[in-house]
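# I need the structure of the sequence given here:
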Amino acid sequence: MVQSNLIALVTGAGKGIGKAIAQTLAEQGAFVYLNFLSDETAARQTLETILAGGGNAALLPFDVKSSDASLDAVKTILKEKGKIDILVNNAGIRQDRLMVMMKKEAWQTVIDANLNGFYNVTKPVVKAMIKQKSGRIVNLTSAAGQTGNPGQVNYCASKAGLIGATKALAKEIASRNITVNAVSPGFIQTQMTADLPLPSVEEAIPAKRLGKPEEVADLVVFLCSDKAAYITGQIIGINGGLV
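Residues are numbered from 1 along each chain as shown. So this is what the prediction gives:
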């Protein structure tokens, strides 16, 4: 669905949804930069899987919480490839706690990773996309940012903020042939949901199952394609009817 000469950056690409997105983009012919922070083993496995399947990719470790590191990473891509066609802001963390027991560090770290990370990476990418007058940006938010979850005030705040940022940025740069959308997963089979009580969770989902990372990836890749050129500023749920 995406053109074979495109350059993509996927943050948090070592495992879970990010891994599935990176692999699907590579299968479509894009060159994918795989961002990761701490789990090099998982990121390298993702890279090896892509290369074994005939795709093209490279590891790009940096911390999205750092504006300097994010800027340097974008500069590296532009120096090596001359452009960035696709940005998928997927990197994110959870530090769950009831608000009355939540330490400031837990609040700040989640906001820094999930919301400030979007700013740190997207700002320099947008500058490049404006110059080339084209681009696709997809932000991974969450159904929790739409409905709220007890024990996840920090996480829900970060994801709700990302929804607002998506809508505003889309309006700022739509005239430059750049689309900005958010994909909002519900419960997906990843490490992040491994500790959940599955029977009760699945019972609450109308589809009666968790989603697959590959299902999220297919939606993201569609939004990165020419077929989605008139879709921007949208928050698209993929949650089995939960929201």
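
# can you list the residues that contact the longest helix along the chain?
Looking across the chain with DSSP state H, the single longest helix is helix 153-173. For helix 153-173, the surrounding residues in contact (CB atoms under 8 Å, 6 or more residues apart in numbering) are 89, 92, 94-97, 99, 102, 106-107, 110-111, 113-115, 118-119, 122, 126, 129-130, 137, 139, 141-142, 144-146, 148-149, 179-182, 184, 232-235. Every residue, glycine included, has its C-beta placed from N, CA and C.

# what about 6 Å?
94, 99, 107, 110-111, 114-115, 118, 139, 141-142, 144-145, 148-149, 180, 182, 232-233, 235 (CB atoms under 6 Å, 6 or more residues apart in numbering).

# Pick out the least confidently modelled helix or strand of this structure, by mean pLDDT.
Here the helix or strand of the chain ranked lowest by mean pLDDT, DSSP states H and E is helix 198-204, holding a mean of 79.

# Toward the C-terminus, what is the element adjacent to that helix?
Sequence order places helix 213-223 as the next helix or strand after helix 198-204, per DSSP states H and E.

# buried ones in that following helix?
Neighbour-count burial for helix 213-223 flags Pro213, Val216, Ala217, Leu219, Val220, Val221, Phe222, Leu223 (criterion: 16 or more other CB atoms under 10 Å).

# Help me confirm that the last one comes into contact with Ile137.
No: between Leu223 and Ile137 there is no contact, the gap being 9.1 Å when judged by CB atoms under 6 Å.

# And the longest helix of the chain, how far out from the chain middle?
In terms of CA atoms, centre = their mean, to the nearest Å, the centre of helix 153-173 is found 13 Å from the chain centre.

# For that helix, list the C-alpha coordinates in CSV.
Only the C-alpha atoms of helix 153-173 are listed here, as CSV (Å, rounded to 0.1, in the frame of the first residue of the first chain):
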residue,chain,number,x,y,z
VAL,A,153,-4.3,9.2,35.5
ASN,A,154,-0.8,9.9,34.1
TYR,A,155,-1.1,7.6,31.2
CYS,A,156,-4.6,8.7,30.3
ALA,A,157,-3.6,12.4,30.5
SER,A,158,-0.6,11.8,28.2
LYS,A,159,-2.7,9.9,25.6
ALA,A,160,-5.6,12.4,25.8
GLY,A,161,-3.1,15.2,25.2
LEU,A,162,-1.8,13.3,22.2
ILE,A,163,-5.3,13.3,20.7
GLY,A,164,-5.5,17.1,21.0
ALA,A,165,-2.0,17.5,19.6
THR,A,166,-2.9,15.3,16.6
LYS,A,167,-6.0,17.4,15.7
ALA,A,168,-4.2,20.7,16.1
LEU,A,169,-1.1,19.7,14.1
ALA,A,170,-3.2,18.2,11.3
LYS,A,171,-4.9,21.6,10.8
GLU,A,172,-1.5,23.4,10.8
ILE,A,173,0.1,21.4,8.0
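
# ok so, going back, what sits up against the least confident helix or strand of the chain?
Counting by CB under 6 Å, 6+ apart, Phe187, Lys208, Arg209 sit against helix 198-204.
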